[in-house]
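>>> Sequence first, predicted model second:
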Amino acid sequence: MRQAVILAGGFGTRLAAVYGDIPKPMVPLLGRPVIDHLTDLCRRHGFDDILILAHHRWKAIRDHVDPSIRIHVEAMPMGTAGALSDARHLLTDRFLVLYGDTYADVDLTRIWSDHAASGAGATLFTHPNSHPHDSDLVEADADGWVRAIHGYPHQAEVRNLVNAALYVMEKDLVERIPLDVSTRPDIAKHLFPAALDAGFRLRSYRSVEYIKDMGTPDRLRRVEADIRNGVPDRLSGRSGRQAVFLDRDGTLNEEKGLIRDPADLSLIPGAAAAVKRLNQGGWLSIVATNQPVIARGEVTESGLDRIHARMDHLLGRDGAYLDDIRYCPHHPDSGFPGEIAALKVRCTCRKPEPGLLMDAIRDFGLDASRSWMVGDATTDVEAGIRAGVKTILVRTGWAGRDGKSFIEPDYVAMDLAGAVEWITSGHEAARATVQDLAKEIRPGALVLVAGLARSGKSSLAAVLRELCAESGRTAHVICLDGWLKPEHDRPEGAGVAARFDLAAAAACIRSILDCGTRRHFDIPIYDRASKRTDLRTQGLDWSPGDMLIVEGVPALLSPDLVSWGLMRIYVDIPDDLRIRRLRADYQWRGMAPQSVDALIASRNADERPDIQASMSLSTHIIRPHASA
């Protein structure tokens, strides 16, 4: 029989203003006392011997719970460690500890088994959280053995690994550590440090499963909202979890070359808020980063840990956290002073190899089809595609100009904030908008997607391609920007269509549609930063029966394309949103604000009449989600 001990002796002072003078375990959570949620969890995992250690208003707990649950009453407040010591005659040789003001959706069987196999004196459930500054932080080695427990306030930047107040313990540890119960000793602050000093081995059981304390009204409301939104269930692992893999330099923090000192790491504006949004939505946030500074001998692994402690600290200040950081320490090239020969190898974890992502998919039980990779380099995109996740290229850092891979992302965003907005909101909204249209696309069909600049055409085209793929159909996306003429060849005042070589585009598209065999085509790509189309091409492997989606501002201005396109979509969004996107795009290219305003005004005069008139040629008008 397994024993669970629930610590329920607190006074609930911070909750009393809202719920009155009742014991904390009796505070209602979604209409049921917290203690009911805890005892239900214990019994689901075979903990039939439940012992509640109570003090304040203990009779209210006794009168509510099942008579089979034992209650031990402290004669006076003794602290959490003192309560265990006082009840040691009731403890079994091994027992689980839960706190009466927490809500947990945790596989208790798994942590119990992990502890039993480890030989530890106690196992601590640990995880990162959104408020590390007022949490006890656990320092553990790579194998999970606890080195130290750092109580708050913290004197130095420490990795965000929090003691979540759920333990499996050996009775021997409680009996052998002398405690003065009159000082109300705490398990984390007093018992565990004393146990480490006495030679007991403590184990960190790191998990992304949901456990939160509800010691304040705000935290209680947050837990209730999380349960309603399904966050505990998404983190439970009962079905595939969803993750967003994040590149580090240039995506999460400012690109400054190889970072060797924690002081050199600074977050990109808006990055912490974006990660916080993932945390609150039940998405795992996992950094996947190449760190060749290790192989080059320029930073030790402990030095890298200090850099990541700095990152944890900066994120934590804004209520955000990373569920994990995966890094590749290898570097295939030699010739660096102090390099580590054993790490000078071609590995499977250095992006664009997908090893970092594949290992995390296995370790966290991720559903790759519902997970994402966000990065600023083409190597990030390739690693994500090879791992089977959706990809977003951000225009911070390298902005895709690293030149190391020649593969197109699924989507593009201005920065991490924009990418997370698309992942958590825009993507599903766009899918819902066009899912019925996707069903109508037939083998061999040409689909045109038109609209004013920055209206979300490329994202919508990618969503259509994605939906087709999910039903076993292959669709290819071509952007007409690849046929933009050089600026010196664009006749001034001739209208938007004259800026494109639409005849050449139509000829290429016709040759694809008429191809009756499997064939490779090279499609020109427009580089937004350099304004050139001759730098690289997009490879398109066509098979008869594939579908072709052509997107671009002038997609409905070519009579040939209009006559061939059985589905002609016009994308329309509020103009103020579209102008904001245009302005952000031009500023990213380095244009001065006054030049941006003048160019936007010029484009409006040049494009709007013709493009809006082409709406009449559409078969469908789509008004997507604002983040599309």
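Structure's in. What do you need? Numbering: from 1, shown residues only.
>>> Please name the residues that touch Asp49.
Applying C-beta atoms under 8 Å, 6 or more residues apart in numbering to Asp49 gives the contacts Met1, Arg2, Gln3, Ala4, Arg70, Thr92. For glycine as for every other residue, the C-beta is placed from the backbone atoms N, C-alpha and C.
>>> same question but for Ala445, I mixed them up
Met547, Leu548, Leu566, Met567.
>>> returning to that earlier point: between the contacts of Asp49, which is nearest Asp264?
Taking C-beta to C-beta as the measure, Asp264 lies nearest Ala4 of the contacts of Asp49, at 47.0 Å.
>>> neighbours of that closest one, just the number please.
25 (other C-beta atoms under 10 Å).
>>> what's the longest strand along the chain in contact with?
Counting residues, the longest strand found in the chain (DSSP state E) is strand 162-170. Contacts with strand 162-170, where a contact means C-beta under 8 Å, 6+ apart, come from 84, 93-99, 102, 104, 106, 111-112, 115-116, 120-129, 132, 135-138, 149, 187-188, 211, 213.
>>> how about it as CSV, C-alpha atoms only?
Provided in CSV are the C-alpha atoms of strand 162-170 (Å, rounded to 0.1, in the frame of the first residue of the first chain):
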residue,chain,number,x,y,z
VAL,A,162,12.0,25.3,-8.8
ASN,A,163,11.2,23.0,-5.9
ALA,A,164,7.5,22.5,-6.7
ALA,A,165,6.5,21.1,-3.2
LEU,A,166,5.8,17.5,-4.2
TYR,A,167,8.2,14.8,-2.8
VAL,A,168,8.7,11.1,-2.4
MET,A,169,10.7,10.6,0.8
GLU,A,170,12.2,7.9,3.0
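>>> What average pLDDT does that strand get?
Taken as a whole, strand 162-170 has a mean pLDDT of 97.
>>> try stretch 64-77
92.
>>> Which of the residues in that stretch are classified as buried?
For stretch 64-77, the buried set under the neighbour-count rule, 16 or more other C-beta atoms under 10 Å, comprises Val65, Ile69, Arg70, Ile71, His72, Glu74.
>>> ditto for stretch 576-590
Neighbour-count burial for stretch 576-590 [16+ other C-beta under 10 Å]: Arg578, Ile579, Arg581, Leu582, Arg583, Ala584, Asp585, Tyr586.
>>> What are the contacting residues of it?
Residues from elsewhere that reach stretch 576-590, judged by C-beta under 8 Å, 6+ apart: 395, 399, 414, 452-455, 528-529, 593, 595-597, 599-600, 603, 626.
>>> Let's see that with 10 Å instead.
By C-beta atoms under 10 Å, 6 or more residues apart in numbering, the list of residues contacting stretch 576-590 from outside reads 395-396, 399, 414-415, 418, 451-456, 528-531, 571-574, 591-593, 595-597, 599-600, 603-604, 626-627.
>>> out of these, which are buried?
Neighbour-count burial (16+ other C-beta under 10 Å) applied to the contacts of stretch 576-590 gives 395-396, 399, 414-415, 418, 451-456, 528, 571-573, 596, 600, 603-604, 627.
>>> Which of those residues fall in strands?
Those of the buried ones among the contacts of stretch 576-590 lying in strands (DSSP E): Val571.
>>> Filter the buried ones among the contacts of stretch 576-590 down to just the ones in helices.
Counted as lying in helices by DSSP state H, out of those, are Gly418, Val596, Ile600, Arg603, Asn604.
>>> In TSV, list those residues along with pLDDT and distance to Ala432.
What follows is those, written out as TSV (pLDDT from 0 to 100; distance: C-beta to C-beta, whole Å):
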residue	pLDDT	distance to Ala432
Gly418	96	20
Val596	88	33
Ile600	86	31
Arg603	83	31
Asn604	84	30
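>>> nearest to Asn290, of those residues?
So of these, ranked by how close each gets to Asn290 (C-beta to C-beta), first place is Gly418, at 23.4 Å.
>>> List the residues that contact the closest one.
By C-beta under 10 Å, 6+ apart, Gly418 lies in contact with 270, 274, 374, 392, 394-396, 411-412, 426, 581, 584, 627.
>>> how far away is the closest residue to Val73 other than its chain neighbours from Thr216?
Residue nearest to Val73 in three dimensions, not counting chain neighbours: Trp58, with 5.0 Å by C-beta to C-beta, 6 or more residues apart in numbering. Counting by C-beta to C-beta, to the nearest Å, the gap from Trp58 to Thr216 is 22 Å.
>>> neighbour-wise, which of those two wins?
With neighbours defined as other C-beta under 10 Å, Trp58 and Thr216 compare such that Trp58 has more, 19 against 14.
>>> quick one: the more buried one and Ala8 touch, right?
Yes: with contacts counted by C-beta atoms under 10 Å, Trp58 reaches Ala8, the gap being 7.8 Å.
>>> what touches both of the two?
Residues touching both Trp58 and Ala8 by C-beta under 10 Å, 6+ apart: Pro23, Pro25, Ile52, Ile71, His72, Glu74.
>>> Run through who's touching the helix or strand containing Arg110.
Applying DSSP states H and E as the criterion places Arg110 in helix 108-118. The contact list for helix 108-118 (C-beta under 10 Å, 6+ apart) reads 2, 4, 41-42, 44-47, 94-96, 98, 107, 120-125, 143-145, 166-170, 201-203, 205, 207, 209, 237.
>>> ok, then the element right after it?
Sequence-wise, the next helix or strand downstream of helix 108-118 (DSSP H and E) is strand 122-127.
>>> Give me the helices and strands touching that following strand, please.
Applying 3 or more C-beta pairs under 10 Å, 6 or more residues apart in numbering; DSSP states H and E, one finds that strand 122-127 contacts strand 94-99, helix 108-118, strand 137-140, strand 146-150, strand 162-170, helix 192-197, strand 202-206, strand 210-213.
>>> list the buried ones in the first one?
The neighbour-count check on strand 94-99 (16+ other C-beta under 10 Å) flags Phe95, Leu96, Val97, Leu98, Tyr99 as buried.
>>> ditto for the third one
Along strand 137-140, these residues count as buried under the neighbour rule (16+ other C-beta under 10 Å): Leu137, Val138, Ala140.
>>> which other helices and strands contact that strand?
When contacts are defined as 3+ C-beta pairs under 10 Å, 6+ apart, strand 137-140 packs onto strand 122-127, strand 146-150, strand 162-170, strand 202-206, helix 301-317.
>>> mind putting these in CSV, distance to Ile385 and mean neighbour count included?
Formatted as CSV, the helices and strands packed on strand 137-140 follow (distance: least, C-beta to C-beta, whole Å; neighbours: other C-beta atoms under 10 Å):
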stretch, distance to Ile385, mean neighbour count
strand 122-127, 30, 24
strand 146-150, 39, 18
strand 162-170, 34, 24
strand 202-206, 29, 22
helix 301-317, 26, 19
